[in-house]
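In: How does the following fold in three dimensions:
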Amino acid sequence: MGKLFLQSIKNLKKCLRTCQLMAVFSLLLSSTVGCNLDHKQPNLRINQAPILESSTYQQCQPFDVDHLSHQGTATQPWQIAYLFKTRSDPFWQQMEQGVQTVAQELGIKTLVKFTEEKPNTLGDVKKQISTILELIDNNDLDGLVIAPEDSIQLVPIIEKATQQGIKVIVIDTPIDTDQILTFVTFDNFEGGQILGEWVIQKLTQSSRRNNKINILILEGSLHEENTIERRQGFLEGLKRANKNYSLEILDLKSADWETKKAKMITQAWLEKFPTIDVIMAADDQMAVGASEAVQEANKSGIIITGFDGTPYGLNAIKTGQIDATINQLPRTQISLITQLMINSLEKEQTTLPLCQLIGQEQTENSLLITQDNINEALNP
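Out: The predicted structure follows:
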């Protein structure tokens with residue numbers, strides 16, 4: 001498995017180099033000239049916004065809910081530690097709440113830790129390594145569920161944990177080792193695709209006369225797998241559903257998952273681009289930042305979409321700040337992942353798929369949240 005992930009990373013680096021070349025050529029050409037994103041779809045164009053391809057998830061299979069045969073409480077109080085990213089992020093807060101619920105339901109012992117520093121910094125990686133070391137040295141762990149801050153630097157400490165007999169499930173961000181049980185993540189591509197299709201449906205239902213749609217995209221961390229998959233799925237959804245419009249990606253910028261930064265970027269966009277129809281944000285917090293900028297500029301008619309379905313995002317839909325989001329159902333995710341861990345512990349199961357995706361089929365709920373179903377989402 002490690003070789004496959006390593007190849008995926010190499011493929012991604014190759015794509016980054018390609019995008020750098022695209023950026024150079026875009027500077028040589030007039031800034032008003034777009035290039036075709038897809039030769040088969042000449043009505044979807046990109047202007048000054050390099051699009052990265054992602055290959056890591058190509059090895060993934062749908063999460064097999066039917067094989068979660070464990071029912072009721074566990075046969076013994078397994079000790080499972082969960083190491084999430086930032087406590088301040090609403091998504092990881094919901095994950096923690098999900099752990100508390102599933103621990104009571106299954107009769108297991110759980111320990112939740114967070115990487116407290118700002119995401120995507122070397123300090124975070126170092127702290128996460130030291131936290132894992134503390135967990136495996138000072139606790140009698142049976143299992144570890146971890147959302148890595150880095151796919152490479154954490155390999156030695158993860159392998160140390162597995163060598164001590166601790167079963168490890170990696171979530172959210174892949175890691176380059178074959179010594180884990182499996183990598184489980186939300187199907188970000190599917191979520192993005194659902195959003196893209198909904199945007200076209202929303203535009204079709206409107207009374208607009210102009211057949212050109214100008215789109216802006218707010219990324220999380222520019223080269224992070226999650227944000228790439230969400231954007232690529234969104235673009236695929238646009239292409240699949242579009243029949244009547246000329247779609248132009250005006251720009252794409254990273255706001256690093258931050259509301260304030262997303263607001264600043266959107267403010268600059270509002271000054272630069274006279275006509276904006278859609279702003280797609282890779283999470284709810286950035287979507288709210290974009291909405292604040294739009295409202296302060298007294299603009300209207302711009303569709304704003306988020307991603308995550310956190311209480312923060314759902315309330316933003318309820319109040320009309322943003323138009324749609326994708327509900328990742330974090331509590332459902334962590335319940336499925338924990339059941340998988342217990343199955344592996346009790347059956348001594350060691351062979352699982354390389355990578356597993358949790359999507360709409362596995363959650364049995366609608367991932368798309370809009371004004372049409374916001375009350376149901378807020379009161380499940």
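
In: Quick one: low-confidence residue ranges for the stretch 101-250 of the chain.
Out: Confidence mapping of the stretch 101-250 of the chain against pLDDT under 70 gives the ranges 117-123, 223.

In: That one: strands as residue ranges?
Out: 109-114, 143-146, 167-171, 182-186, 212-219, 246-254 (DSSP state E, counting those that start in this stretch).

In: Now render those as TSV, adding mean neighbour count.
Out: The C-beta positions use only the backbone N, C-alpha and C, and glycine is treated the same way. As requested, the strands of the stretch 101-250 of the chain are exported to TSV (neighbours: other C-beta atoms under 10 Å):
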stretch	mean neighbour count
strand 109-114	18
strand 143-146	26
strand 167-171	23
strand 182-186	25
strand 212-219	24
strand 246-254	20
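
In: Tell me which of those strands lies nearest to Glu229.
Out: strand 182-186 (8.7 Å; C-beta to C-beta).

In: okay, the angle between the closest one and strand 167-171?
Out: Taking axes from the mean of the first three to the mean of the last three C-alpha atoms, to 10 degrees, one finds strand 182-186 and strand 167-171 inclined to each other by 30 degrees.

In: My read is that Val99 contacts Leu111, right?
Out: No - counting by C-beta atoms under 8 Å, Val99 does not reach Leu111; the two are 9.1 Å apart.

In: Now for these two: what residues contact both?
Out: Tyr82 (C-beta atoms under 8 Å, 6 or more residues apart in numbering).

In: follow-up on the earlier one: among the strands of the stretch 101-250 of the chain, which comes closest to Gly320?
Out: Across the strands of the stretch 101-250 of the chain, closest to Gly320 is strand 212-219 (C-beta to C-beta), at 18.9 Å.

In: List the contacts of the closest one.
Out: 49, 203, 227, 231, 234, 238, 245-255, 262, 265-266, 269, 273, 275-282, 286-287, 289-290.

In: Stretch 77-85 too?
Out: So stretch 77-85 is contacted by 92, 95-96, 99, 107-115, 119, 124, 128, 131-132, 135, 139-147, 149, 172, 334, 338, 341-342, 345 (C-beta under 8 Å, 6+ apart).

In: again, only this time at 6 Å
Out: Stretch 77-85 is touched from outside by 92, 95, 99, 108-115, 135, 140-147, 345, with contacts defined as C-beta atoms under 6 Å, 6 or more residues apart in numbering.
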